[in-house]
Structure formats: structure tokens, C-alpha cells
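Chemist: below: sequence and its predicted model.
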Amino acid sequence: MELRVENLAVSAAGRTLVAGLRLAVPSGTVVGLVGPNGSGKSTTLRCVYRVLRPSAGSVLLDGADLWRLSAKDSARSVAALTQDHHVEFDFTAAEVVAMGRSPHKSMLDRDTEADREICAGVLRQVGAAHLAERSFLTLSGGERQRVLAARALAQRPKVLVLDEPTNHLDIRHQLELLALIRETGVTTLVALHDLNLAATTCDRIYVLDEGRVVASGTPHEVLTPELVAEVFGVHAHVVTHPDSGAPQLIYAHALTTDRTR
Ligand SMILES: Nc1ncnc2c1ncn2[C@@H]1O[C@H](COP(=O)(O)OP(=O)(O)OP(=O)(O)O)[C@@H](O)[C@H]1O
């Protein structure tokens with residue numbers, strides 16, 4: 001499924017948070033959103049996973065306006081791993097993952113054998129099978145993040161929206177989760193702070209600054225020392241990863257420009 005965002009604008013509290021934003025995620029590709037703190041990444045993603053209605057513009061799934069679909073239809077298509085998750089009740093990890101199946105059933109349907117197999121499979125894929133019967137509330141930050149990733153995958157979405165999915169994960173689990181997401185072949189829009197992970201994971205990258213796209217292209221086209229200096233205020237060298245061929249940044253120092261706004 002192709003995801004397109006056209007002329008997206010979001011205003012809140014008298015401020016424009018995102019303006020004139022266009023991006024395209026071709027079917028089966030992984031597209032990254034990067035940008036400094038407060039540049040509008042989460043705001044954009046919230047519009048795509050349908051918790052924030054844009055002030056203008058549209059989010060299109062294979063050309064169909066997301067906001068015209070029923071909530072259930074959009075949940076069947078789009079799964080999200082976000083910073084907004086709140087699991088406050090005492091569910092087990094397996095129960096949290098099973099919630100990912102709910103868009104595919106009606107309220108009184110019980111879990112089928114197929115649901116249970118999907119849930120057990122995704123828990124194994126994220127390396128969290130051993131946590132299935134643990135209370136979600138007792139899990140560490142990284143364990144929770146893997147269970148929530150499993151919930152998103154259990155939804156069997158056509159589009160994945162991931163806001164900092166590597167938050168809390170140790171380096172091995174960061175690499176494993178991003179490799180798993182690539183393997184699923186699901187159309188993915190992912191916000192990442194780590195530019196080197198973005199470079200190895202994404203087919204294309206959009207760079208946001210102050211709510212606007214300031215650059216887009218392949219990681220090689222986008223992640224240049226000039227862009228990193230201009231947008232992030234950091235002097236960096238770019239080298240090529242000896243295995244993957246992806247550009248990788250070696251940071252030297254922050255530039256002294258005052259970027260407080
Ligand atoms: N409901 C709101 N009301 C007012 N301002 C908001 C609201 N939501 C977000 N903002 C502001 O919009 C800007 C963009 O926020 P957003 O969370 O999209 O940035 P981000 O790029 O995801 O940042 P970070 O890297 O820090 O997570 C920020 O300045 C934020 O303070």
C-alpha cells in the first residue's frame with residue numbers, strides 16, 4: 001500500500017506546527033523522518049496514525065483519504081508504535097499483543113487459534129516470547145517497547161508508523177527491530193533521531209526543520225556534512241559503512257550558532 005501526505009498543515013495554540021508538508025512512501029519501502037527536537041516529526045506521524053486531525057491537507061492510502069475511512073478500516077490498514085502509548089491496567093504482555101488483533105474482529109469475537117499463532121509468532125520475532133505471561137507494568141522500558149512493537153506487527157498492517165521505535169532498546173535490539181521491520185516488507189514511515197540508524201534502515205529520508213521539509217532523497221543524497229551543519233547545528237564527517245555501503249556520520253562538535261528559538 002502506498003502512503004502519501006499532501007500539503008499537510010497542523011496548527012495548535014495559535015502556532016503553525018507543520019506547514020505545506022508533502023511526502024510519499026511507495027509501497028513496501030521504508031521512509032525515514034528526521035529533524036531536530038520540535039521540528040514536527042511526531043505531529044506529522046500523529047496525523048498519519050489518525051489521532052490528530054490536520055488543519056489542512058490530506059493523508060492518502062493508495063489514493064483514499066485516511067480521514068474518510070471508518071476508524072476500524074483505518075486501523076486495519078495502519079498500525080503505529082508511538083510515544084503516546086499508555087497501558088495503565090494490569091495486562092500481561094500476551095494480552096497487550098492480542099489487542100493488535102482487535103481491528104480484525106468484532107467486539108464479542110474471541111481470539112481464534114490463528115490469532116494466537118500470529119501473536120506468539122510476533123512475540124518470538126521481537127525476542128519477547130519469554131515475557132508473554134509477565135505483567136506489562138513490570139517490564140523494563142526496552143521490554144515494553146518490544147512488546148508494543150509486537151502489538152503493531154500483530155495487527156498485520158499495510159502501513160506501519162513508528163515514532164522513535166528504538167527508544168529504550170539496547171543496540172542489539174535496535175538493530176534487530178529495524179532489520180525485522182525491513183523484512184516484513186510493510187510500507188513504513190519511521191521517525192528516528194539516530195541519523196546513522198536512519199541511513200542504514202531507510203530507502204529515503206525526509207528532513208524536517210521548523211515544521212517543513214527542508215531536504216529529501218536517498219540517505220547518500222540527504223545526509224551531507226552541509227545539511228547536518230545547517231539543520232542540526234553539528235559539524236560531522238561522512239564515511240561509508242564498509243558492509244552496507246550506507247553513509248555514516250562521525251560527529252565532531254556542535255557549532256556555536258545559537259539555535260534557541
Ligand atoms: N498540542 C500542541 N500545542 C502546542 N504546541 C504543540 C502541540 N503539540 C506539539 N506542539 C509543538 O509543536 C512542535 C513540534 O512538536 P513535535 O512533537 O511534532 O516535534 P518532534 O520533531 O517530534 O520533536 P522531538 O524530536 O523533540 O520528539 C514543538 O515545538 C511542540 O512543542
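Modeler: Looks like it came in fine. Everything numeric in this text was worked out from a predicted model, so none of it was measured. Residues are numbered from 1 along each chain as shown.

Chemist: surely residue 1 meets residue 188?
Modeler: No. Under the criterion of C-beta atoms under 8 Å, residue 1 is not in contact with residue 188, lying 10.9 Å apart. All C-beta spots, glycine's among them, are computed from the backbone N, C-alpha and C.

Chemist: neighbour count winner among these two?
Modeler: Each of residue 1 and residue 188 had its neighbours counted (other C-beta atoms under 10 Å), and the higher figure belongs to residue 188 (25 against 16).

Chemist: surely the more buried one is within a strand?
Modeler: Yes. Secondary structure assignment (DSSP: H, G, I helix; E, B strand; the rest coil) places residue 188 inside a strand.

Chemist: tell me if I'm right that it and residue 163 touch.
Modeler: No. At 11.8 Å, residue 188 does not count as touching residue 163 under the criterion of C-beta under 8 Å.

Chemist: can you check which residues contact both of residue 1 and residue 188?
Modeler: Overlap between the contact sets of residue 1 and residue 188, as judged by C-beta atoms under 8 Å, 6 or more residues apart in numbering, is given by residue 159.

Chemist: so where's the chain shaky on pLDDT?
Modeler: Counting by pLDDT under 70, the ranges of the chain that qualify are 85, 257-261.

Chemist: if we use 50, what do you get?
Modeler: Low-confidence segments of the chain (pLDDT under 50): 261.

Chemist: residues of it that sit close to the ligand?
Modeler: Taking C-beta under 6 Å from any ligand atom as the criterion, the neighbours of the ligand within the chain are 12, 13, 15, 17, 35, 37, 38, 39, 40, 41, 42, 43.

Chemist: out of these, which are buried?
Modeler: Buried positions within these, assessed by neighbour count (16 or more other C-beta atoms under 10 Å), are 17, 35, 39, 40, 41, 42, 43.

Chemist: in CSV, list the residues you listed along with secondary structure and distance to residue 183.
Modeler: CSV is the format used below for those (DSSP: H, G, I helix; E, B strand; the rest coil; distance: C-beta to C-beta, whole Å):
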residue, secondary structure, distance to residue 183
17, strand, 33
35, coil, 26
39, coil, 29
40, coil, 29
41, helix, 24
42, helix, 25
43, helix, 29
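
Chemist: kind regards, and thank you for your time.
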